[in-house]
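Asks: fold the following, please.
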Amino acid sequence: MLVFLLVASSNLNHTIMTDQPIKYETKTPGIQPPAKNKNLAVPIAIVIAGALIAGSVYFSLGKAATSPTAAGDNAAAANQQLPQGDTSSLDQMAAISAGDHIRGNPNAPVKIVEYSDTECPFCKRFHGTMKQIMDEYGKSGKVAWVYRQFPLTQLHPKALKEAEATECANELGGNDKFWAYIDRLLEVTPSNNGLDPAELPNIAQYIGLDRAKFDTCLNSGKYTQHIEQDTQNATATGGNGTPWSIVIAKNGNKYPISGAQPYTSLKQLIELALQEK
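Replies: Model prediction:
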């Protein structure tokens, strides 16, 4: 079983908590290779050891539920052991379909499914990283980016309505407008529940949508159930914070990514995923 030492740095995600008594536990969010794939276990271990630099302090509150909390502001060094246990929860991921928000080639050999919260600062950071990834791998059709909703509403109450806004953009303008809307939203929000809700129709107008139709859609609440389904699927796959992503290799193997991992770390995992037989 491989073990490596990580040095301190900043936190990488926002996590979910329960109403259990708080205890402090040092964890390192990161790329977690499933034990069932022996061919890539060692290479991915090297990727993680070389690219990740943080052991972050979290609020660890036992069994996951629906009440979210931010990761702690302090960081600490930690001995991190590569997970060797069951990763079957990843198989709970809802199959990618035509109803998903997909950027890039839907038939790409590698797909990254991101469950995200538009008011999470780590998600905002990771969005920029993913745009870099798509610049390098999306144009050649090697990687597709699938976006799913995971608003941590107790931490970011405004995130739910923002998620609805992105779905309305999709309804009114299709997939391209969905991505244009979310790109602009994450560009203008200060994060941490800081965006004025009055900006939502302004963003719609900015990207060329009919403002009146957008307002009607947003006020209807028609997408709350869809967003809840995405959220439940995120937690079913093991997500306990945002951003939570799953890399699907060309042979169907799945690799979970916790937090806003840096470009170099994600790039190396993609290269390994592309090599899988």
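Asks: CA only for contacts and neighbour counts going forward, please
Replies: OK.
Asks: which residue ranges of this protein form helices?
Replies: In the chain, the helices defined using DSSP state H lie at 38-51, 121-133, 158-188, 199-206, 211-220, 224-236, 263-275.
Asks: show me what the fifth one is packed up against.
Replies: Other helices and strands packing on helix 211-220, by 3 or more C-alpha pairs under 8 Å, 6 or more residues apart in numbering; DSSP states H and E, are helix 158-188, helix 199-206.
Asks: pLDDT on it, on average?
Replies: Mean pLDDT, helix 211-220: 99.
Asks: the third one now?
Replies: For helix 158-188, mean pLDDT is 99.
Asks: what of the second one?
Replies: Looking at helix 121-133 alone, the average pLDDT works out to 98.
Asks: averaging pLDDT per element, find the lowest-scoring helix or strand in this protein.
Replies: strand 56-60 (a mean of 24; mean pLDDT, DSSP states H and E).
Asks: count the neighbours of Ile96 for me.
Replies: Residues contacting Ile96 under the criterion other C-alpha atoms under 10 Å number 13.
Asks: now do the phi/psi pair for it.
Replies: When read as degrees, to the nearest 10, the backbone of Ile96 gives phi -70, psi 130.
Asks: pull out the buried positions in stretch 258-276.
Replies: 258-263, 265-270, 273-274 (16 or more other C-alpha atoms under 10 Å).
Asks: of these, closest to Thr153?
Replies: Nearest to Thr153 among the buried residues of stretch 258-276 is Gly259, at 17.7 Å by C-alpha to C-alpha.
Asks: any stretches of the protein with poor pLDDT?
Replies: 1-11, 15-86 (pLDDT under 70).
Asks: which residue lies farthest from the center of it?
Replies: Most distant from the centre of the chain: Ala212, at 30.9 Å, with distances by C-alpha atoms, centre = their mean.
Asks: and Thr235, how far from Arg103?
Replies: 23 Å (C-alpha to C-alpha, to the nearest Å).
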